[in-house]
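*Asks:* no FASTA, just this:
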């Protein structure tokens with residue numbers, strides 16, 4: 001990526017059990033200057049960081065847990081108008097493909113991640129607009145609240 005994308009910077013927000021190992025790997029590969037590791041940030045600061053980015057990436061390895069959940073950050077990225085790249089966990093892939101707001105890639109395949117990034121960069125505005133529209137029209141609490149009220153109302157009958 002760093003040889004093909006001028007001024008590339010991968011920003012990592014958050015921390016976890018693998019943080020030290022990942023930082024060591026970044027250093028060992030000599031790519032420190034292309035990775036900005038911000039660590040854990042309060043949720044109220046996240047929008048500022050997201051708005052400074054051009055692509056939102058959720059590279060989770062597929063697992064039983066990941067295959068049954070959708071992380072909120074996908075919708076945060078979409079709401080901010082960012083195109084989204086996700087691993088091929090079925091729930092994440094479904095949202096991104098259904099809404100035409102980014103691309104999925106095969107878990108653990110760096111070449112597939114690179115290809116997804118190149119494709120997303122070529123269609124950045126289109127994917128970003130599609131994601132933002134999807135959040136406004138479908139993926140929000142107003143819509144979910146109406147569904148929940150309808151479900152409860154029908155259950156009581």
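*Replies:* Yep, it's here. In this text the structure is predicted, and so the values were computed from the model without any measurement. Residues are numbered from 1 along each chain as shown.
*Asks:* can you list the residues that contact the longest helix anywhere in the chain?
*Replies:* Taking DSSP state H as the criterion, the chain has its longest helix at helix 141-156. Identification of contacts with helix 141-156 by CB atoms under 8 Å, 6 or more residues apart in numbering yields residue 137. Any C-beta I mention is one placed from the backbone N, CA and C, and that applies to glycine too.
*Asks:* now that helix: mean pLDDT?
*Replies:* The average pLDDT within helix 141-156 is 80.
*Asks:* by mean pLDDT, which helix or strand of the protein comes out lowest?
*Replies:* helix 141-156 (a mean of 80; mean pLDDT, DSSP states H and E).
*Asks:* which parts of the helix or strand encompassing residue 133 are buried?
*Replies:* Applying DSSP states H and E as the criterion places residue 133 in helix 124-137. Residues of helix 124-137 classed as buried by neighbour count (16 or more other CB atoms under 10 Å): 124, 127, 128, 130, 131, 132, 134, 135.
*Asks:* and stretch 22-30, by the same measure?
*Replies:* Buried-residue list, stretch 22-30, by 16+ other CB under 10 Å: residue 26.
*Asks:* which residues in this protein form helices?
*Replies:* 19-28, 43-51, 72-79, 90-99, 110-122, 124-137, 141-156.
*Asks:* pick the most deeply packed of these.
*Replies:* Counting by mean count of other CB atoms under 10 Å, helix 72-79 has the highest mean neighbour count of the helices of the chain, with a mean of 20.
*Asks:* chain center to that one: distance?
*Replies:* Offset of helix 72-79 from its chain centre (CA atoms, centre = their mean, to the nearest Å): 7 Å.
*Asks:* then stretch 28-43?
*Replies:* 17 Å.
*Asks:* contact partners of that stretch?
*Replies:* Contacts to stretch 28-43, defined as CB under 8 Å, 6+ apart, come from residues 1-2, 8-15, 19, 23, 26, 49.
*Asks:* quick check, residue 1 in contact with residue 115.
*Replies:* No - contact criterion CB atoms under 8 Å: residue 1 and residue 115 do not qualify, at 10.7 Å.
*Asks:* quick check: which ranges of the protein have low pLDDT?
*Replies:* Applying pLDDT under 70 to the chain flags the ranges 156-157.
*Asks:* the least confident helix or strand of the chain relative to helix 124-137, how many degrees between them?
*Replies:* 40 degrees (axes from the mean of the first three to the mean of the last three CA atoms, to 10 degrees).
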